[in-house]
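Enquirer: Kindly generate the corresponding structure for this input.
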Amino acid sequence: MRKKVTKAIFPVAGLGTRFLPATKSVPKEIMTLVDRPLVQYAIDEAREAGIKDFIFVTSRGKGALEDYFDMAPQLEQELRKKGKDDLLEILKGTNMDSGQVAYVRQHKPLGLGHAVWCARHLIANEPFAVILPDDVIAANKPCLGQMVEAYAEHQGNIVAAMEVPEDKASAYGVLDIKEDMGRIVSTNGMVEKPAPGEAPSNLAVIGRYILTPTVLRKLNKKQTGAGGEIQLTDAIAAARAEGEEVYGFRFEGERFDCGSKAGFLQATVAFALAREDLGGELRAFLQDILYSEKAAQ
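Expert: Presented below is the predicted three-dimensional model:
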């Protein structure tokens, strides 16, 4: 019987140094994109894909992240007293049931592969998802939901992938394509951050994965790769080398790299423009700015 994907790992142990000084006291994952923390977008996507158990790999200083998913009785009481039922409903989506969420610590920043390995005891012998909250994907059907459907058909390991310019490939894990079947590609493996000009393709891996327990076993070896870190892509490639299939999945949607300031700003504008309550006013503001800049040239 094929096992469903019901567990997801969220690696959130990073220090967020690119967003200092904001991240001196606020975990990057709860910085707000319009009016929701980055991590809320990831949680909502996972829920819609059928995820039931949420595993956060954290580090020191992430207490505010843990508190975010807890109940807020005093706030809820105040909203109820004032008849603000719409806000109460919004708050419900931020609460996690007891036992549904778990936190494990990554004591040293040894790479994404190490962060996933830290959650191994909570995964056991099941397929699992990995979601990087920095990668926010705007899509009619959530990206992970698309991947869960592909997993039900193909099994194996499935990684979300997108085409990138050749000169940007060295910043990603890149797929070595065996057969291109359109939405799905079979692979010979993948290369983490290839040297410029040495990428096997321009199809890069981004922050959504559905993986098998074999990958966790490969991570047990704690072998370091690019940057002296334990790379998740190396463990996936090792599973492929043993004959386990690895597929790249071209998802439908637009990915924003919210781990960078420019990407975060782009996502803020895009998501705000898509909102009925904000889009009109913001669009008029942006048009005024662009018109003023053009007139000044």
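
Enquirer: Which residues belonging to the host helix or strand of residue 74 are considered buried?
Expert: Assigned by DSSP states H and E, residue 74 falls within helix 73-81. Within helix 73-81, the residues scored as buried using 16 or more other Cβ atoms under 10 Å are 76, 79. In short, each C-beta sits where N, CA and C put it, glycine included.

Enquirer: mind listing the helices for the stretch 51-200 of the chain?
Expert: 63-68, 73-81, 85-92, 112-117, 120-123, 143-154 (DSSP state H, counting those that start in this stretch).

Enquirer: Out of the ones you listed, indicate the one that is most buried.
Expert: Burial of the helices of the stretch 51-200 of the chain is given as mean neighbour count (mean count of other Cβ atoms under 10 Å); helix 112-117 ranks first at a mean of 25.

Enquirer: Pull the distance from that one to the chain's centre.
Expert: 14 Å (Cα atoms, centre = their mean, to the nearest Å).

Enquirer: do the same with stretch 162-174
Expert: Going by Cα atoms, centre = their mean, where stretch 162-174 is centred and where its chain is centred differ by 17 Å.

Enquirer: ok, now stretch 271-285?
Expert: 25 Å.

Enquirer: That stretch spans what distance, first to last residue?
Expert: 15 Å (Cα to Cα, to the nearest Å).

Enquirer: Name the surrounding residues that touch that stretch.
Expert: Residues from elsewhere that reach stretch 271-285 (Cβ atoms under 8 Å, 6 or more residues apart in numbering): 33-34, 138, 269.

Enquirer: any idea which of those residues has the most stuff around it?
Expert: residue 33 (20 neighbours; other Cβ atoms under 10 Å).

Enquirer: What distance do you get for it to residue 162?
Expert: Distance, residue 33 to residue 162, by Cβ to Cβ, to the nearest Å: 20 Å.

Enquirer: What of residue 233?
Expert: In terms of Cβ to Cβ, residue 233 sits 15 Å off from residue 162.

Enquirer: Could you do residue 21 as well?
Expert: Counting by Cβ to Cβ, the gap from residue 21 to residue 162 is 32 Å.

Enquirer: hang on, the earlier thing: more neighbours: which of residue 233 and residue 162?
Expert: A count of neighbours by other Cβ under 10 Å puts residue 233 above the other of residue 233 and residue 162, at 24 against 19.

Enquirer: you'd agree the more buried one is up against residue 187?
Expert: No. Contact criterion Cβ atoms under 8 Å: residue 233 and residue 187 do not qualify, at 11.1 Å.

Enquirer: center of the chain - which residue?
Expert: Nearest residue to the geometric centre of the chain (Cα atoms, centre = their mean): residue 132, 2.4 Å.

Enquirer: And the closest residue to that one other than its chain neighbours, which helix or strand is it part of?
Expert: Distance criterion Cβ to Cβ, 6 or more residues apart in numbering; nearest residue to residue 132, sequence neighbours excluded, is residue 207 at 2.9 Å. Assigned by DSSP H and E, residue 207 belongs to strand 203-211.

Enquirer: who does that strand pair up with?
Expert: Applying DSSP bridges, strand 203-211 is found paired with strand 128-131 (antiparallel), strand 157-163 (antiparallel), strand 173-180 (antiparallel).

Enquirer: can those strands go into CSV with extra columns for distance to residue 11 and mean pLDDT?
Expert: Formatted as CSV, the strands paired with strand 203-211 follow (distance: least, Cβ to Cβ, whole Å; pLDDT from 0 to 100):
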stretch, distance to residue 11, mean pLDDT
strand 128-131, 7, 96
strand 157-163, 15, 93
strand 173-180, 14, 88
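
Enquirer: Out of the ones you listed, which is closest to residue 212?
Expert: Among the strands paired with strand 203-211, strand 157-163 comes nearest to residue 212, with 5.7 Å by Cβ to Cβ.

Enquirer: low-scoring pLDDT stretches of the stretch 1-150 of the chain, where are they?
Expert: 1-2 (pLDDT under 70).

Enquirer: 80 - rerun?
Expert: 1-2, 61-62, 70-73, 92-93, 95-99 (pLDDT under 80).

Enquirer: Let me know how buried residue 136 is, in neighbour terms.
Expert: Here the count is done by other Cβ under 10 Å, and residue 136 has 26 residues near it.

Enquirer: check contacts around it.
Expert: Listed by Cβ under 8 Å, 6+ apart, the contact set of residue 136 reads 33, 38, 41-42, 255-256, 258, 267.
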